[in-house]
Structures are given as C-alpha cells and as structure tokens.
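1. can't give you the sequence, but here's the structure:
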C-alpha cells in the first residue's frame, strides 16, 4: 500500500518534470536562438576588428572602446542623454497634473479620458513623427501662428527642440498611464487629513501625494526615457543631419559604414546606461 | 478649489498637444492642391492616388502576412511559456529572460538579429522579419497570458491530475479553456504590434519587398505630400475603430463574470 503511494508520487514528479520540459523548452529554445545567441554575438564583436565589407575579423583589439571615448562620439552620447532627460522631465511636468485630473474625474469620464490618452499611441509611429514635420517646417502651422502675432519665421524643424517635441508626442501616453495607476490608488482621505491638519496644498503634495505616487513617477519616467534614448527615427526625421543621437550612430555603423564592431560597442554603451537606470529605479523603489 | 482649476490647464494642454497634429493631418488629406501646408479646397483626389499606389498596396499585403505568421508562432510559444513559467518553475531568472524581448531597445534587438543572420548566412527577407517579430510578440503574449493564469483557479487542474489525467490532458481540457480570453487578447496584441513595427523590420528585411511601415518611412523621407496624409487618415481610422471596439469587447467580457457572482 505504502509502496504503491510512493510509486505514484515518483511517477507524478516525473510527470511534472516532463510537463516542465514540454511547456518551457520550445519558448526558451526560441529565446536562446533568437535573442541570447544574437546578443552574445553582438557583444563579443566589440573586442574584434571590423571586416572590410561588414562582418568581423577575429583579432583582439580595444580600439572600439578607445573610439567611444573620442569627444565626437562621446558628445553624441551626452546629447542623447540630455535630450532623453529633457523629454522625460517635460513629460512628467505635463503628465502628472493630467493623470491627477483624470484620476479624480467621475467614473464615466475617466474611461473616456484614458482611452483618449492612449488612442494616438496606437497609430503608426512614423506617421506621428510626420505630422510634426508638417507643423514645424518653414511654411508649417507653428510659423503661421507666429506670423499672426507679427513674429517669426523661426527655424524650429531640424533642431534639438524639434526632437524633444517629437519624442514627447510619441511617449507622453507612457508617462500618463503609470502615473494615473499610482494616483488612482491613492486614498483621497490621506490628502484630506493633511489639509484638515493645516498643511497647504503644496505641502500636502510634497509630503503626501508625491511620496505615495513615487513608484508611478519612476515607472513612467523609465517608460519615456528608455525608448527616447535609443531612438533613431525621430532624430532623423525631425533633427535633420545636424542633431543626431546614439541610435542614429548605431544605425549608420551597421547600414552605412559597415563597422559592426564599433556599432556593437555603441549598442553596449546604450545597454549599460539602461541597466544602470533599471538598477537605480528598483533601488529607489525599494527604499520608497 | 482654485488649485484644482489650475490643474485643468496642463490637463487640457495634453489633449490639445496630442490631437492638434492629428487634426491637421486629417484636414490636409482632403486638400485639393499639391501642398501639405496650404488648404486650397476640398477634394478626395489623394485618396484616389493612394488607392492606385502599388507600393502601398504591396506593403500592406506584406505587413499583413508577416503579422499573421509571427502572431501564430508567438501565440503558441508564448502560451506554452506562460503556463510553464507559472506552473512548472519558480525561477526568477527564466521569468526575466522571457520578458527581455519586450524590455530591450528595439535597435539592439534589430542589430543583434542582423549580426546573427549575417553570421549563420541566413538570407534576409520577410521570413527573417517574421522570426524577429515572433520573438518580441512572444514576450507580450506570455506576459498577457500570465496575468490571466495568476487569476485562474488551480484547484480544477489539481482535481484533474488527482483523477489520473496526464499533463497533456489536463492542459487541453482544463487549462487551455480557462486561458482562452487571455490567449485571444495576447494574439491581438501580437498582431497589432507586428503591424506597426518598424525598427526591427528595417534591420532584418534586407533587400526584400518592404512592409508598410518601411514604405511609409521611405515616402516620408522623400518629402511631404498629401498622399501620405491620406494614408495617415485611413490608418488612424482603422486603429481608432480597433481600439474602441477592443474597449467595448473587454467591457462586455468584464461584465459577464460579474453577472454570475
């Protein structure tokens, strides 16, 4: 009797291990072949020399990393950090009050307001950038509006400001959604209590609302910063040839200069920045 | 009270910022003139032009084929992976590896695959785009199905096993039907993401016939014409309808179980 039970449990644990294999192996195999192996190959090329027509010559070198420290390339990385940070800050400044108002709307209007925030995000990314070419270019809407006030015309397209505008337009919904989720969860009684105890609106915001919604602030900032930092489409369409970002450099190394090792080194720099941010975010989130 | 009134300024500014470009885009698509800047009267001629544009039509067909094929792969693999991760392992590492394609910057995935295909000498084309799209779509399907699994009742699966059903029977008869809404939602998400995906396709398509986003990219780089506005207006209409229909469907889906309670 006892041995029968034991035999059944052995068979069951074997069945469970078989189940784990059946369910996990196809997906994991796909991830290994199409993600982990390509990433490993990509990162390994950073220490080799470039081939003459693309590809890699397997001779060890540190020249790719030395080139990364060249002021020319380092400047592009710093510019990209600046542009992505500025975009994130503006998104936070507009997104926070927007999410706050949405969270306090009556239930019926809440859904409408949220859907309206997300809708533009589901339209083609390139078309959203294209709309801004129309608005910002010489004869576009921005300069026409300035003309009414007797101002302009000014050069707005093909500047860093145009890039920030385009990135902001593309990723603002990604800031509003996590902020909304955080603010919506906030108990209104807490802010009421703070106000009743004599705190000013700003003190209540600084001491109660903001700390409690910090996870939303961090998530939203990350959601905006990450795709902005590595972007190459918006800088190309709205920044012209004068303002470029890391993404453009990487693209050019692979499709124009055919320098895979240096392109991979730039991609590594991109990954390092993002990993540092992710670690910092989870550290701050744990402390908050 | 005054303070909350003040908050309405950035609130409305956000919506004006999000919808003004779309409004201008749509209005200019009905322009009778050649310019995308000055409106010279109402006309549908750019829609006619668009209907006769072979590049756009072929791009649309390619995009739909790529999206359909990658959705099938991603849905099968992503569902199995979600069940495996939720029911057969506690590994945090496997969890994060499965989510990685959704988190990695698309440029990195694109060039990683370009180098990989180059080294194994896989001919680039629509097939390589399908395999690449299936990768990141799988991560999204797995994530969506897992949220459904987290809410699912495991006692039915245990009962099925206790009554002697093997893992395959339990999966087919108990788990799969419970997961169906999650799988459908995941598949829809995978399809939509693939339809709109540009960066990874751009790196992995080689010299093959382009997908629609790549066609749009080359049109936009070529210059600003009302034909792009007409295409934009149609795509806007399609995605707005899809999102609003999806919203309605999830609402109906949410209402049903509540009525049973």
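-> Cool, the structure landed. Keep in mind it's a predicted model, so treat the numbers as computed, not measured. Residues are numbered from 1 along each chain as shown, chains lettered A, B, ... in the order given.
2. hang on, isn't residue A:264 packed against residue A:42?
-> Yes: applying Cβ atoms under 8 Å, one finds residue A:264 in contact with residue A:42, separated by 5.0 Å. C-beta: built from backbone N, CA, C; applies to glycine.
3. common neighbours of these two, please.
-> Here residue A:264 and residue A:42 have B:111, B:115 as joint contacts, going by Cβ atoms under 8 Å, 6 or more residues apart in numbering or on different chains.
4. what about residue A:115, how many residues nearby?
-> Using other Cβ atoms under 10 Å in any protein chain shown, residue A:115 is surrounded by 14 other residues.
5. now residue A:199, nearest residue through space, not along the chain?
-> Distances taken as Cβ to Cβ, 6 or more residues apart in numbering or on different chains place residue A:207 nearest to residue A:199, at 6.9 Å, with adjacent residues excluded.
6. any idea how far that neighbour lies from residue A:191?
-> 10 Å (Cβ to Cβ, to the nearest Å).
7. out of the two, which sits in the busier spot?
-> More crowded of residue A:207 and residue A:191, by other Cβ under 10 Å: residue A:191, with 17 against 12.
8. so what does the helix or strand containing the more buried one touch, helix or strand wise?
-> Assigning secondary structure by DSSP states H and E places residue A:191 in helix A:188-196. The helices and strands touching helix A:188-196, judged by 3 or more Cβ pairs under 8 Å, 6 or more residues apart in numbering or on different chains; DSSP states H and E, are helix A:201-204.
9. related to what we said a few turns ago, between residue A:264 and residue A:42, tell me which one has more neighbours.
-> Set residue A:264 next to residue A:42 and count neighbours by other Cβ under 10 Å: residue A:264 wins out with 28 against 25.
10. the more buried one belongs to a helix?
-> Yes: checked against DSSP: H, G, I helix; E, B strand; the rest coil, residue A:264 lies within a helix.
11. so what's the closest residue to residue A:53 other than its chain neighbours up against?
-> The spatially closest residue to residue A:53, leaving aside those adjacent along the chain, is residue A:258, at 6.3 Å (Cβ to Cβ, 6+ apart). Residues near residue A:258 by Cβ under 8 Å, 6+ apart: A:50-51, A:53-54.
12. same check, this time on residue B:78
-> A:27, B:137-142, B:145, B:186, B:190.
13. check residue A:195 too.
-> Residue A:195 is in contact with A:201, A:204, counting by Cβ under 8 Å, 6+ apart.
14. residue B:133 too?
-> Per Cβ under 8 Å, 6+ apart, neighbours of residue B:133: B:66-67, B:70, B:74, B:193-194, B:197, B:200-201.
15. let's go with 6 Å and repeat that
-> Contact analysis of residue B:133 by Cβ atoms under 6 Å, 6 or more residues apart in numbering or on different chains lists B:70, B:194.
16. and the stretch of helix or strand it belongs to, what's buried?
-> Following DSSP H and E, one finds residue B:133 within helix B:126-151. Under the neighbour-count criterion of 16 or more other Cβ atoms under 10 Å in any protein chain shown, helix B:126-151 has B:126, B:128-146, B:148-149 buried.
17. which residue comes closest to the closest residue to chain B within the stretch 151-288 of chain A once chain neighbours are left out?
-> The nearest approach of the stretch 151-288 of chain A to chain B comes at residue A:230, 3.8 Å away (Cβ to the nearest Cβ). In space, and not counting its chain neighbours, residue A:230 is closest to residue B:105: 3.8 Å by Cβ to Cβ, 6+ apart.
18. for the one you found, grab phi and psi.
-> As for residue B:105, its main-chain torsions (degrees, to the nearest 10) stand at phi -60, psi 140.
19. that one - how many residues pack around it?
-> By other Cβ under 10 Å, 21 other residues sit near residue B:105.
20. so what's residue 18 closest to, chain neighbours aside?
-> No chain was given, so I picked chain A. Spatial nearest neighbour of residue A:18, chain neighbours left out: residue B:167 (6.8 Å); criterion: Cβ to Cβ, 6+ apart.
21. wrong one, chain B
-> residue A:120 (5.0 Å).
22. got the residues of chain A near chain B?
-> Contact residues, chain A versus chain B (Cβ under 6 Å from any Cβ of the partner chain): A:15, A:19-20, A:23-24, A:26-27, A:30-31, A:34-35, A:38-39, A:41-42, A:94, A:97-98, A:101, A:115, A:119-120, A:122-124, A:126-127, A:130-131, A:133-135, A:139, A:201, A:230, A:247, A:250, A:254, A:267.
23. taking these, please make a PyMOL selection of just the buried ones.
-> The following PyMOL line selects those of the residues of chain A next to chain B that are buried, judged by 16+ other Cβ under 10 Å:
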select buried, chain A and resi 19+20+23+24+26+27+30+31+34+35+38+39+41+42+94+97+98+101+119+120+122+123+124+126+127+130+131+133+134+135+230+247+250+254+267
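24. returning to that earlier point: so the residue nearest to residue B:18 makes contact with residue B:19?
-> No: look at residue A:120 against residue B:19 with Cβ atoms under 6 Å: they stay out of range, at 7.2 Å.
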